[in-house]
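[1] got a sequence here, can you build the structure:
(one chain, ligands or ions: 1)
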Amino acid sequence: MDNIPKPHLIADAELPREGGTERKVVDVAVGVLIRPEGDFLLTSRPAGKVYAGYWEFPGGKFEAGESVQQALSRELFEELGLHLHQIEPWRQEMVDYPHALVRLHFCKVLAWSGELQMREAQSFAWQRLPVTVTPVLPGTVPVLEWLAQEQQALNPVAL
Ligand SMILES: Nc1nc2c([nH]c(=O)n2[C@@H]2O[C@H](COP(=O)(O)OP(=O)(O)OP(=O)(O)O)[C@@H](O)[C@H]2O)c(=O)[nH]1
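    Take a look at the predicted model:
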């Protein structure tokens, strides 16, 4: 896994261009499922996908005409068998991977139902900071930093 090229996390203004036209952006909806006590869900990327075995927040690409909430609800039902009830769009991030230019739409998911099923034979782990699973997908690392910043803002003496 170590010889996979590292992607570049970029701002919108830096978007790369090829031959004068913008590279196609792939929109991805990503869910940060947070339990009431603060644990969040990470899943490992299934065999056969790029970055197989890397840990990430679950999600996937939009299908035509979908909103973030629709894409996330569909993906998490397909991958995990969950029905999402409370989705809060949170932050966005662009990542320039060798295989794709990806716009990640991170949402906090605070309520869901259904039993967690690994329908793509992935692994899952409920985590808190600092996470104990490795390796973490490069596009996931900033999210862990945002969560740490939020925790610090809420409880400055604990960290
Ligand atoms: N789900 C998810 N994808 C992420 C995260 N961070 C990140 O960079 N990505 C990238 O976003 C893209 C998501 O693609 P995917 O392959 O999981 O989506 P999908 O299930 O719709 O794909 P497929 O059905 O075409 O196989 C990948 O390029 C992945 O590397 C993350 O935290 N969660």
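[2] only C-alpha atoms from now on, for both contacts and neighbour counts.
    Noted.
[3] ranges for the strands of the chain?
    8-10, 17-18, 21-22, 25-33, 40-44, 55-56, 59-61, 83-96, 101-113, 124-127 (DSSP state E).
[4] got those as TSV, with mean neighbour count columns?
    Shown next, in TSV, are those (neighbours: other CA atoms under 10 Å):
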stretch	mean neighbour count
strand 8-10	15
strand 17-18	9
strand 21-22	9
strand 25-33	22
strand 40-44	22
strand 55-56	26
strand 59-61	22
strand 83-96	17
strand 101-113	19
strand 124-127	16
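[5] nearest to L137, of the ones you listed?
    strand 55-56 (5.7 Å; CA to CA).
[6] weakest of the strands of the chain by average pLDDT?
    Mean pLDDT across the strands of the chain is lowest at strand 17-18; the value there is a mean of 51.
[7] now tabulate the strands of the chain in a markdown table and tack on distance to P135.
    Below are these laid out as a markdown table (distance: least, CA to CA, whole Å):
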| stretch | distance to P135 |
| --- | --- |
| strand 8-10 | 17 |
| strand 17-18 | 30 |
| strand 21-22 | 31 |
| strand 25-33 | 18 |
| strand 40-44 | 9 |
| strand 55-56 | 6 |
| strand 59-61 | 18 |
| strand 83-96 | 17 |
| strand 101-113 | 19 |
| strand 124-127 | 13 |
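[8] format those strands as CSV; extra columns: distance to the ligand.
    Shown next, in CSV, are those (distance: least, CA to the nearest ligand atom, whole Å):
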stretch, distance to the ligand
strand 8-10, 9
strand 17-18, 19
strand 21-22, 18
strand 25-33, 5
strand 40-44, 8
strand 55-56, 4
strand 59-61, 3
strand 83-96, 6
strand 101-113, 6
strand 124-127, 13
